[in-house]
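Trainee: this is the structure alone, sequence omitted:
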């Protein structure tokens, strides 16, 4: 059995907590949640662990820098660890003897079901058996994270939130650096692409907005920044909003956009792009067409957007930067020839805050890295603290446990927790579980020592 399943009944809904055994073994080994009598070595149970090594994400070996000592021969082995559920799994993978595994000195498993050999030499295997109370604790812990989190000290909560936010910042910064690399180091092009991705975030269309940015590139937008209608027409036209069958029925403004688009595409030889909008749960105010129109207005008002966002040091100025006036047509339409049934042209404060979180802050962190200047990272961190906490449905379960996010620092950390751990039921990697399990481990050991 490769996975531990805990079925928990809350109200009338069944939840299945899925914990991979390899993740559980990694959790126990990395955090010293085992004793010597929980380990059994094969083929000879004469080894002891001198150094359990360190885990490096993405490395071939699960742990590096491991040191074992044979108590009989006093021989010392140094290298890495490979983790599997069963010892036979490595043979099933067919990778025994491959060069990348030459430094493996220990095969750490949940179940030793067969002795493996490499070039007739026995592979040292170690079966780690979790203590019964640990699996019981994880079972009871599941779906009670908010309660445990609320009961922690303020210092412990801050430590966990900081770790989660660091993870989120790294992921978003890496995305920016990858786009910068694709833009050949051009920060203006990179910022433009990241800006459009952020404009599509609220509707779940980041990747599609990036396609638009690469189709109608920064050079075009910058060159025609004084012609907002043209830029608007290109962004809408390249995404199919101006491919209308009955042009004679178009209203005056749509006809104007279509004329601008067709002339520019023919003149500049711009190839059409194919986008597939995510229209599920997209509000009219977040409709892709309206977001593209807002993006055109912001870029035309601020063609050197990168220079401005790295220079601005307070939120009020950023709000002013993103405050634009749209054509009156967009006060009553959410797409060409599509009435909105309401006034959605304005760019609300929450949307601006989201733009700062998804665009400005990642750019500042990435710029801090490339320029080796901490002032940008420091400013980005301050923005997290000054922005109000966003409200997502996932926050309700945390607030019900008598703890409330104070600002965007807290709420963004919760988003990271939910996206990385909760959605995938990665309980064994959850920082809340790790800390609570450490408390329980210490309590249990203290009782055993009485």
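Mentor: Yep, it's here. Model, not experiment: these values are computed from the prediction. Residues are numbered from 1 along each chain as shown.
Trainee: just the element for the nearest residue to residue 224 once chain neighbours are set aside, please.
Mentor: With Cβ to Cβ, 6 or more residues apart in numbering as the criterion, residue 224 has its nearest non-adjacent residue at 5.1 Å, and that residue is residue 230. The way it works is simple: take the backbone N, C-alpha and C, and place the C-beta from them, glycine included. Secondary structure assignment for residue 230, by DSSP states H and E: helix 228-237.
Trainee: tell me the buried residues in the helix or strand that that helix is followed by?
Mentor: Downstream of helix 228-237, the next assigned helix or strand under DSSP H and E is helix 252-268. Neighbour counts over helix 252-268 (16 or more other Cβ atoms under 10 Å) mark 253, 254, 255, 256, 257, 258, 260, 261, 264, 265 as buried.
Trainee: packing partners for helix 252-268?
Mentor: Here helix 252-268 touches helix 228-237, going by 3 or more Cβ pairs under 8 Å, 6 or more residues apart in numbering; DSSP states H and E.
Trainee: residue 241 and residue 269, how far apart?
Mentor: 21 Å (Cβ to Cβ, to the nearest Å).
Trainee: these two: who's more crowded?
Mentor: residue 241 (22 against 6; other Cβ atoms under 10 Å).
Trainee: show me which helix runs longest in the protein.
Mentor: helix 154-182 (DSSP state H).
Trainee: could you give the mean pLDDT of that helix?
Mentor: Per-residue pLDDT values over helix 154-182 give a mean of 96.
Trainee: how about stretch 90-100?
Mentor: Averaging pLDDT along stretch 90-100 gives 90.
Trainee: can you list contacts of that stretch?
Mentor: Stretch 90-100 has contacts (Cβ atoms under 8 Å, 6 or more residues apart in numbering) with 60, 82, 84, 101, 107, 114, 116, 118, 119, 123.
Trainee: can I assume the second one sits in a strand?
Mentor: Yes. Using DSSP: H, G, I helix; E, B strand; the rest coil, the assignment for residue 82 is a strand.
Trainee: that one contacts residue 62, doesn't it?
Mentor: Yes. The criterion here is Cβ atoms under 8 Å, and residue 82 meets it with residue 62 at 6.0 Å.
Trainee: phi first, then psi, for residue 49.
Mentor: Torsion angles at residue 49 (phi, psi; degrees, to the nearest 10) stand at phi -90, psi 120.
Trainee: next up, the contacts around it.
Mentor: Contacts for residue 49 (Cβ under 8 Å, 6+ apart) come out as 39, 66, 67, 68.
Trainee: what do you get if the cut-off is 7 Å, keeping everything else the same?
Mentor: residue 68 (Cβ atoms under 7 Å, 6 or more residues apart in numbering).
Trainee: and for residue 72?
Mentor: Taking Cβ under 7 Å, 6+ apart, we find residue 72 in contact with residue 46.
Trainee: mind doing that once more with 8 Å?
Mentor: The neighbourhood of residue 72, defined by Cβ under 8 Å, 6+ apart, consists of 44, 46.
Trainee: separation between it and residue 120?
Mentor: Using Cβ to Cβ, residue 72 is found at 21 Å from residue 120.
Trainee: burial measure for the residue lying closest to residue 101 once chain neighbours are set aside, as a count.
Mentor: Distances taken as Cβ to Cβ, 6+ apart place residue 95 nearest to residue 101, at 6.2 Å, with adjacent residues excluded. Neighbourhood size, residue 95 [other Cβ under 10 Å]: 12.
Trainee: and residue 95, that one's in a strand?
Mentor: No. Using three-state DSSP, the assignment for residue 95 is coil, not a strand.
Trainee: where do the domain boundaries of this protein fall?
Mentor: Here the domain parsing of the chain from automatic domain parsing is 3-139, 186-347.
Trainee: mean neighbour count, these: which tops it?
Mentor: Neighbour counts (mean count of other Cβ atoms under 10 Å) averaged over each of these peak at domain 186-347, with a mean of 18.
Trainee: model confidence over that one, on average?
Mentor: Mean pLDDT, domain 186-347: 89.
Trainee: quick check: buried residues in the longest helix of the chain?
Mentor: Residues 157, 160-161, 163-165, 167-169, 172-173, 176-177, 179-180 are the ones in helix 154-182 that count as buried (16+ other Cβ under 10 Å).
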